[in-house]
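Visitor: mind folding the following:
(one chain, ligands or ions: 2)
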Amino acid sequence: MSEELRVSPIETREMPGKRRFAMVVDTRRCIGCMACQVACKAEYDTPLGVNRTWVPYKVVGKYPNVKKQFLPRLCNHCDDPPCVRNCPVGATYKHEDGGFVLQRYERCIGCRSCMAACPYNARFMLPSHRTYTPITNVVDKCTFCFHRVTQNLVPACVQTCIGRARVFGDLNDPTSEVSYLVAKNATQVLRPEEGTKPHVFYIGADRNQTEFGRDAYRKPEVMELERSAFKRHFDI
Ligand code: SF4
Ligand code: SF4
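Guide: Numbering: from 1, shown residues only. Ligands and ions are numbered 1, 2, ... in the order given. Just a heads-up that it's a prediction; the model follows:
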């Protein structure tokens, strides 16, 4: 197969003149302060019980040598995203310049095919009514803060990360910090065998801890409490 055929038509990495944004998450620097999760909630008015980005953790090691291993999660803005392929109405699409995977709310019929197709559990359904915004009953997810990046700002989670565990930039720009980090460090992506070509790169992540969805890191009773709080506030 020729190189040209193996490259997805929507892939923008290493295409001359195109930007390809990516995030590097250095897990060695993440202290689990959750500031990124809070900043994201504030930026988007995300309802209770769902998150665009979240920071699951696992306790690893053997007593007394134990530590918490944090693995910040978000949409991977995959180069070959199954959520885009599986959307029957073209509501989920890939932005040609930058590689953002975005959502056209006005087209989305809330069928949840994209949620089922995403191997990273990165999508969620918005409730049927919300207090401050008319966007309801559609699927949502992280946008790599498209509205900020197009104004030359970094995503809210990156701006707020005190440990500088999250770094964002154009991977096609050889002078960017993300290019440098990806070139100089061993990086991991989540579930590479899915062939989605994620553009969130982890430094120092343990493969054994990358195979879980968001729920695997939370105790069932905590999940249940959150779910009932969510149901009390929203009719879904
Ligand atoms: S992580 Fe999931 S939602 Fe994000 S682009 Fe990839 S498949 Fe789509
Ligand atoms: S829920 Fe919306 S975005 Fe997802 S597949 Fe259905 S129509 Fe497309």
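
Visitor: quick one: pLDDT of the nearest residue to residue 113 once chain neighbours are set aside?
Guide: Take residue 113 and drop its neighbours on the chain: the residue closest to it by Cβ to Cβ, 6 or more residues apart in numbering is residue 86, 4.6 Å away. For glycine as for every other residue, the C-beta is placed from the backbone atoms N, C-alpha and C. The model reports residue 86 with a pLDDT of 95.

Visitor: how about the contacts made by residue 86?
Guide: The contact partners of residue 86, by Cβ atoms under 8 Å, 6 or more residues apart in numbering, come to 113-114, 116-117.

Visitor: swap the cut-off to 6 Å and go again
Guide: Going by Cβ atoms under 6 Å, 6 or more residues apart in numbering, residue 86 touches 113-114, 117.

Visitor: could you pick out which of the residues you listed are near ligand 2?
Guide: Among these, the ones lying near ligand 2 by Cβ under 6 Å from any ligand atom are 113-114.

Visitor: distance check, the residue nearest to residue 113 against residue 167.
Guide: Between residue 86 and residue 167 the computed distance is 30 Å (Cβ to Cβ, to the nearest Å).

Visitor: now do residue 201
Guide: Using Cβ to Cβ, one gets 9 Å for the distance from residue 201 to residue 167.

Visitor: what residues are shared contacts of those two?
Guide: residue 24.

Visitor: so, low pLDDT: which residues of the protein?
Guide: Applying pLDDT under 70 to the chain flags the ranges 1-11, 207-227, 229-236.

Visitor: which positions in it make contact with ligand 1?
Guide: 75-78, 81-83, 101, 118, 120, 122-123, 141, 196.

Visitor: kindly recompute the last result at 8 Å.
Guide: For the chain, the residues in contact with ligand 1 (Cβ under 8 Å from any ligand atom) are 75-78, 81-84, 92, 101, 114, 117-123, 141-142, 196, 198.

Visitor: which of those fall in helices?
Guide: Judged by DSSP state H, the residues of the chain next to ligand 1 include 82-84, 114, 117 as members of helices.

Visitor: which of these lies closest to residue 160?
Guide: Nearest to residue 160 among those: residue 83, at 26.3 Å, using Cβ to Cβ.

Visitor: neighbours of the nearest residue in space to that closest one that is not next to it in sequence, how many?
Guide: Of all residues beyond its chain neighbours, the one nearest residue 83 is residue 114 (3.8 Å), with distances taken as Cβ to Cβ, 6+ apart. Residue 114 has 24 neighbouring residues, counting by other Cβ atoms under 10 Å.

Visitor: distance check, residue 114 against residue 85.
Guide: Residue 114 is 9 Å from residue 85, by Cβ to Cβ.

Visitor: quick one: secondary structure of the closest residue to residue 160 other than its chain neighbours?
Guide: Nearest residue to residue 160, sequence neighbours excluded (Cβ to Cβ, 6+ apart): residue 39, at 3.9 Å. What DSSP: H, G, I helix; E, B strand; the rest coil gives for residue 39 is helix.

Visitor: separation between residue 39 and ligand 2?
Guide: Distance, residue 39 to ligand 2, by Cβ to the nearest ligand atom, to the nearest Å: 25 Å.

Visitor: neighbours around that residue, how many?
Guide: Around residue 39 there are 19 residues (other Cβ under 10 Å).
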